[in-house]
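Asks: My questions are about this predicted structure, shown below with the sequence.
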Amino acid sequence: MIRSRAFAVAARQCLRRASQQPRWVPGCSQVPCRSYAVAKQDQVAKFKGKTGSDGKYTVTLIEGDGIGPEISQSVKDIYSAANVPIKWEPVDVTPRLKDGKTVIPDEAIQSVRKNYVALKGPLATPIGKGHVSLNLTLRRTFNLFANVRPCKSIAGYKTPYDNVNLVLVRENTEGEYSGIEHVVVDGVVQSIKLITREASERVLRFAFQYAEGIGKPKVRVVHKATIMKMSDGLFLSTARDISKEFPNVQFDTELLDNACLKITTDPAPYSDKVLVMPNLYGDILSDMCAGLIGGLGLTPSGNIGDECSIFEAVHGSAPDIAGRGLANPTALLLSSIMMLQHMGLNHYADKIQNATFATLAEGKMLTGDLGGRAKTHEYADAIIRKLKV
Ligand SMILES: NC(=O)C1=CN([C@@H]2O[C@H](COP(=O)(O)OP(=O)(O)OC[C@H]3O[C@@H](n4cnc5c(N)ncnc54)[C@H](O)[C@@H]3O)[C@@H](O)[C@H]2O)C=CC1
Ligand SMILES: O=C(O)CCC(=O)C(=O)O
Ligand SMILES: [Mg+2]
C-alpha cells in the first residue's frame, strides 16, 4: 500500500503544503551569518555598554518548569553571594495561542532581544500531543544555531572514567527537529528531516572556530550518511568544504553508532576533538556523555546565535524529583558560568567555578544524584561558603 500511486500523490501534496507553510525561516537568512568570534566580540561589546546606573548587567531569567525554580534559586543565591554584577529579569514563557499557533509571550521575546543573553531553566514538553517544544521554539526564534555541550570529568567524583573531556556542537535549528510532520493517509505519517547547506555551514564553521578558540586541534563530524545519504550526506559534504577554510584544524568523520560504542568504551581519544553533528544526534549523544561523568545534574550548555545567546542545562524538568529539594543545580550553574565567560565576566566565572569544583571535590555536601544527602539549597550554601574562603 505504501508504494501505491495514491500514497505517492498524497505524499507530494503534503510536501507541497509543507513548503507553502514555512514554520520558521531555516538557515540564517534573516541575520547575516558572521563568525562566532565576531558575534561574540560584538555581544561582549554590547554587554559592556549595557550596565545600568547601578553598574549591573540585566540578564533575562527563564526559571522553567519542574526543578527549574529550585535550581534557579540556587544560582541566584550563589550570584548574590559572589556579588556578580547581574540583575535578573525574570520572564514568563507560558505559551499562548495566537492565530491558531503556539507562541511565546512577546514580553519574553523582547526581554531576550533587549538583554542579548538569557539563562534558562528546563521547559517541559507534552508527549505526543499539545504544544510544540518551547525549548526548540526559543532556539529557532533567536536563530541560536549552535548548541555547545561540554562534558568534562569532575575532579574527585569517581566514575568508571576519570578522563572524560568532550565537547559536542549540535546543529540547533533544523534536522530531525524541524517539526514538520503530517498524516499522509490514515496509519501513515511522515516526519521531515530538513537539512540545509546554509544552516549546516554556519554550525560547521562555528565548530571549527570554536575548536581553534579552545585549543582542540581536531573537528569530527558525527553522521549517518550511509543511510541518510542525502540529508546527512549534505551535512558531510558541507563539512568537507568548510574544513578547507581551516587548514590548522584536522578534520575527520565517524558514524554515529560507532561513535556511541567508542565513546562509552574509552572516551580518552575524544579529548582533543570537537564533535559536530545534526540536531537529534547531538541531543542523544549529550545525555549519553553526561552518564559518563555522573549524570545530567552536571552538564551545561550554551545556545549560541549571532544576536542573542541562551544558556541552559542539558537536562529537562526532572518531574520525578521536582519540588522536593533533591535537584542538583550544578548543570545550570555551570551553564551560567559559560554565560559569564561569554559576557567577558571571567573574574566572576572563575570565582564561582572554583568554589563549585572545590565543593564537589570535597564530596561532603553532595546532592542525591551524586550519592550524597544534601538538599539543593544546602549544596548551594556549601558553594557559598567556599566563595568566602
Ligand atoms: N532543554 C530543556 O528544557 C529540556 C527539556 N526536557 C523536558 O523535560 C521533561 C522531562 O524529561 P525527562 O526525559 O524526564 O528528562 P530529564 O532530563 O528531566 O530527567 C532525566 C533523569 O535525570 C534526572 N535529572 C535531571 N536533571 C537533574 C538534576 N539537575 N539533578 C538531579 N537529577 C536530575 C531526573 O531526575 C531523571 O531521572 C520533558 O517534558 C522533556 O520534554 C528534556 C530535556 C531538555
Ligand atoms: O524540548 C524538549 O522537550 C527536549 C529538548 C532536549 O532534549 C534537548 O534540547 O536536549
Ligand atoms: Mg535532550
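Replies: Nice, thanks for sending it over. Ligands and ions are numbered 1, 2, ... in the order given.
Asks: Where do the helices of the stretch 151-300 of the chain begin and end?
Replies: 197-214, 231-243, 256-265, 279-293 (DSSP state H, counting those that start in this stretch).
Asks: what about those helices, which gets the closest to ligand 2?
Replies: helix 279-293 (4.6 Å; C-beta to the nearest ligand atom). Bear in mind the C-beta positions are built from the backbone N, C-alpha and C, glycine included.
Asks: returning to what we had before: deepest of the helices of the stretch 151-300 of the chain, which one?
Replies: Ranked by mean neighbour count, these are led by helix 197-214 with a mean of 22 (mean count of other C-beta atoms under 10 Å).
Asks: So which elements touch that helix?
Replies: In terms of contacts (3 or more C-beta pairs under 8 Å, 6 or more residues apart in numbering; DSSP states H and E), helix 197-214 is packed against helix 36-48, strand 146-152, strand 165-171, strand 218-223, helix 231-243, strand 273-277.
Asks: Close to ligand 2: what parts of the protein are there?
Replies: Thr125, Ser133, Asn135, Leu136, Asp283, Val314 (C-beta under 6 Å from any ligand atom).
Asks: The first one touches Thr137, doesn't it?
Replies: By that I understand Thr125. No. Contact criterion C-beta atoms under 8 Å: Thr125 and Thr137 do not qualify, at 9.9 Å.
Asks: Those two: which is more packed in?
Replies: Thr137 (21 against 16; other C-beta atoms under 10 Å).
Asks: hang on, isn't the more buried one packed against Ile104?
Replies: Yes. At 6.0 Å, Thr137 and Ile104 qualify as touching, with contact defined as C-beta under 8 Å.
Asks: anything in contact with each of these two?
Replies: Residues touching both Thr137 and Ile104 by C-beta atoms under 8 Å, 6 or more residues apart in numbering: none at all.
Asks: Keep the residues of the chain next to ligand 2, but drop any that are not near ligand 1.
Replies: Filtering these for neighbours of ligand 1 using C-beta under 6 Å from any ligand atom leaves Thr125, Asn135.
Asks: I'd like the residues of the chain next to ligand 2 laid out as a markdown table, including pLDDT and secondary structure.
Replies: Converted to a markdown table, the residues of the chain next to ligand 2 look like this (pLDDT from 0 to 100; DSSP: H, G, I helix; E, B strand; the rest coil):
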| residue | pLDDT | secondary structure |
| --- | --- | --- |
| Thr125 | 94 | coil |
| Ser133 | 91 | coil |
| Asn135 | 96 | helix |
| Leu136 | 94 | helix |
| Asp283 | 98 | helix |
| Val314 | 98 | coil |
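Asks: which one among the residues of the chain next to ligand 2 gets closest to His347?
Replies: Minimum distance to His347 across the residues of the chain next to ligand 2 is 26.0 Å, recorded for Val314 (C-beta to C-beta).
Asks: Could you check how many residues crowd around that closest one?
Replies: For Val314, using other C-beta under 10 Å, the count is 24.
Asks: Make 38 the starting number, not 1.
Replies: Okay, using 38 as the starting number, the last item reads as Val351.
Asks: Got phi/psi on it?
Replies: phi -70, psi -30 (degrees, to the nearest 10).
Asks: from what I can see Met380 touches Thr88, true?
Replies: No. The pair Met380 / Thr88 is not scored as a contact, 10.9 Å apart, by C-beta under 8 Å.
Asks: okay, and the common contacts of these two?
Replies: Tyr94.
Asks: about what we covered before: comparing the helices and strands packed on helix 234-251, which comes out most buried?
Replies: Taking mean count of other C-beta under 10 Å, strand 310-314 is the most buried of the helices and strands packed on helix 234-251, at a mean of 27.
Asks: Contacts for it next, please.
Replies: 203-208, 240-241, 244, 247-248, 251, 253, 255-260, 276, 293, 296, 322.
Asks: Helix, strand, or coil at the residue of the stretch 288-426 of the chain found nearest ligand 1?
Replies: Ligand 1 sits closest to Gly353 of the stretch 288-426 of the chain, with a gap of 2.3 Å, by C-beta to the nearest ligand atom. When classified by DSSP: H, G, I helix; E, B strand; the rest coil, Gly353 comes out as coil.
Asks: my guess is it contacts Gly103, does it?
Replies: Yes. Using C-beta under 8 Å, Gly353 is in contact with Gly103, at 7.3 Å.
Asks: intersection of neighbour lists for these two?
Replies: Common contacts of Gly353 and Gly103, defined by C-beta under 8 Å, 6+ apart, comprise Pro159, Ala161.
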